[in-house]
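Asks: After the sequence you'll find the predicted model.
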Protein chains: 2
Amino acid sequence: MPQLRSEETRERLLQAAAACFAEYGYEATGTAEICRQAGVSKGAFYHHFPTKQAVFLELLNRWLEGLEAQMTAAQAGAASAPDRLRAMAASAAPVFRDGGEGQMTLFLEFWSQAARDAQVRQAALAHYHRYRDDFAERVRAGQAEGSLGPADPSTVAHVIVSLAVGLLLQSLLDPHGADWGKVAQAGLDIVLNGLKPDQKGL
Amino acid sequence: MPQLRSEETRERLLQAAAACFAEYGYEATGTAEICRQAGVSKGAFYHHFPTKQAVFLELLNRWLEGLEAQMTAAQAGAASAPDRLRAMAASAAPVFRDGGEGQMTLFLEFWSQAARDAQVRQAALAHYHRYRDDFAERVRAGQAEGSLGPADPSTVAHVIVSLAVGLLLQSLLDPHGADWGKVAQAGLDIVLNGLKPDQKGL
């Protein structure tokens, strides 16, 4: 089963790379160390990935696409736009609650590297723009159905993404500082309360 | 004037270190490079700072204390808790608007290093806890004066800090993706609307 073995090798490389990036940082991690931890040859590495950056980007894409798919599935049965947003936040709550568990250190590496590397930045921004567009669309839907008031949908989407990103960061650095999953849901509730159709001055 | 020269040297070292950390990252920056950029001897460096970490922590403390002093000054004349919070957000708006201007790359280094280094983490968290306590106190004052409803002050403070941190990060990576200063003020307005005394379900 060479096909299966090839996929296993790829998976082992991704797991090893994630562990190395989280422990040593992206810059300090070499492909040799990734291969060593994966128990895989350099030849096998370059069969699967052209560069260390390519592994990094695949980890980023997987993580953010996985989170997006999970949130999309969670809101499927909800009756209104606010309920859909609440269901999404509830499904993402474990991400905040379990901050600091490896994945999160990797997440910080993505941001840090994005500040220095235009390709990583573009890849990260593409996801964030999709998240924002998706939230803005949900706000528009809420305005159309009358469950949300007339705030600028794009600004509201920026606010929601900012809240989520800030929660992620704090849950990583201060895992026991709060029940971050609860803060995430309370934060969205406050925002949705602030967007009720009878609110003034938005 | 040896005293003046000593302070100038210290200042030059801090400026050079900030530039190096922002450009190369904390890990990749050595004290030799900081001394070179500052035009200062190694002896002078160690006269002012015991370690590279000490320079880093002083930059972190300066930045967050400066921001705090600026926000405290801005809200002095405001008549109510919501107005005080709005005045603070308005005074911080340029920080978000000017994201990506060096200072912000350094800010990411603080987070990144805090994930790996317990001393940096403790220093960063001390500031964040003070910010949170301060916001919680303002929320309590708003509830006492009747301008804010009965939400949990500590949770609201976590939400406000999360919003600010997430905005900072996004403004760094996507400076032209939005008018981040405007998003900051709109975000706080939505939150304050959601906290009005007549809101239900908090």
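Replies: Arrived safely.
Asks: so what pLDDT did A:Ala81 get?
Replies: On pLDDT, A:Ala81 comes in at 94.
Asks: Which residue comes closest to it once chain neighbours are left out?
Replies: A:Gly142 (2.9 Å; C-beta to C-beta, 6 or more residues apart in numbering or on different chains). Heads up, the C-betas are built off the backbone N, CA and C, glycines and all.
Asks: chain center to the helix or strand the one you found falls within, what's the gap?
Replies: Using DSSP states H and E, A:Gly142 maps to helix A:118-145. Remark: helix A:118-145 is offset 12 Å from the chain centroid, using C-alpha atoms, centre = their mean, to the nearest Å.
Asks: Quick one: mean pLDDT for the following helix or strand past that helix?
Replies: Later in the chain than helix A:118-145, the nearest helix or strand by DSSP H and E is helix A:153-173. Across helix A:153-173, pLDDT averages out at 91.
Asks: Contacts (any at all) between chain B and helix A:153-173?
Replies: Yes. Using C-beta under 8 Å from any C-beta of the partner chain, helix A:153-173 reaches chain B at A:154-156, A:158-159, A:161-167, A:169-170, A:172-173.
Asks: Kindly report the same for stretch A:10-27.
Replies: Yes. Stretch A:10-27 lies within reach of chain B by C-beta under 8 Å from any C-beta, at A:Gly25, A:Glu27.
Asks: ok so, going back, now, among the residues of helix A:153-173 next to chain B, which is nearest to A:His48?
Replies: Nearest to A:His48 among the residues of helix A:153-173 next to chain B: A:Leu172, at 28.8 Å, using C-beta to C-beta.
Asks: looking at it, that closest one is touching A:Glu109, isn't it?
Replies: No. Using C-beta atoms under 8 Å, A:Leu172 is not in contact with A:Glu109; the gap is 11.1 Å.
Asks: re the thing from before, burial measure for the residue nearest to A:Ala81, as a count.
Replies: 24 (other C-beta atoms under 10 Å in any protein chain shown).
Asks: Show the contacting residues for it.
Replies: A:Ser80, A:Ala81, A:Pro82, A:Leu148, A:Leu195 (C-beta atoms under 8 Å, 6 or more residues apart in numbering or on different chains).
Asks: confidence score at it?
Replies: For A:Gly142, the model assigns a pLDDT of 96.
Asks: From A:Gly43, how far out is the closest residue to A:Lys52 other than its chain neighbours?
Replies: Closest residue in space to A:Lys52, ignoring its immediate chain neighbours: A:Thr31 at 5.4 Å, by C-beta to C-beta, 6+ apart. Distance from A:Thr31 to A:Gly43, counting by C-beta to C-beta, to the nearest Å: 11 Å.
Asks: Now tell me what touches the helix or strand of chain A with the lowest mean pLDDT from outside.
Replies: Within chain A, no helix or strand scores below helix A:103-114, which has a mean of 77 by mean pLDDT, DSSP states H and E. Residues from elsewhere that reach helix A:103-114 (C-beta under 8 Å, 6+ apart): A:18, A:21-23, A:25-27, A:56, A:59-60, A:63, A:120-121, A:124-125, A:168-169, A:171-172, B:25, B:108-109, B:111-112, B:115-116, B:169, B:173.
Asks: how does it look with 7 Å?
Replies: Under the criterion C-beta atoms under 7 Å, 6 or more residues apart in numbering or on different chains, residues A:18, A:21-22, A:25-26, A:56, A:59-60, A:120-121, A:124, A:168, A:172, B:108, B:111-112, B:115, B:169, B:173 lie in contact with helix A:103-114.
Asks: which intervals of chain A have sub-threshold pLDDT?
Replies: Screening chain A residue by residue with the criterion pLDDT under 70, one finds the ranges A:1-4, A:98-104, A:199-202.
Asks: Go again with 50.
Replies: A:1, A:201-202 (pLDDT under 50).
Asks: Show me which residues of it are close to chain B?
Replies: Within reach of chain B by C-beta under 7 Å from any C-beta of the partner chain, chain A has these residues: A:25, A:27-28, A:105, A:108, A:111-112, A:114-115, A:121, A:124-125, A:151, A:155, A:158-159, A:161-167, A:169-170, A:172-174, A:178, A:183, A:186-187, A:189-191, A:193-195, A:199, A:202.
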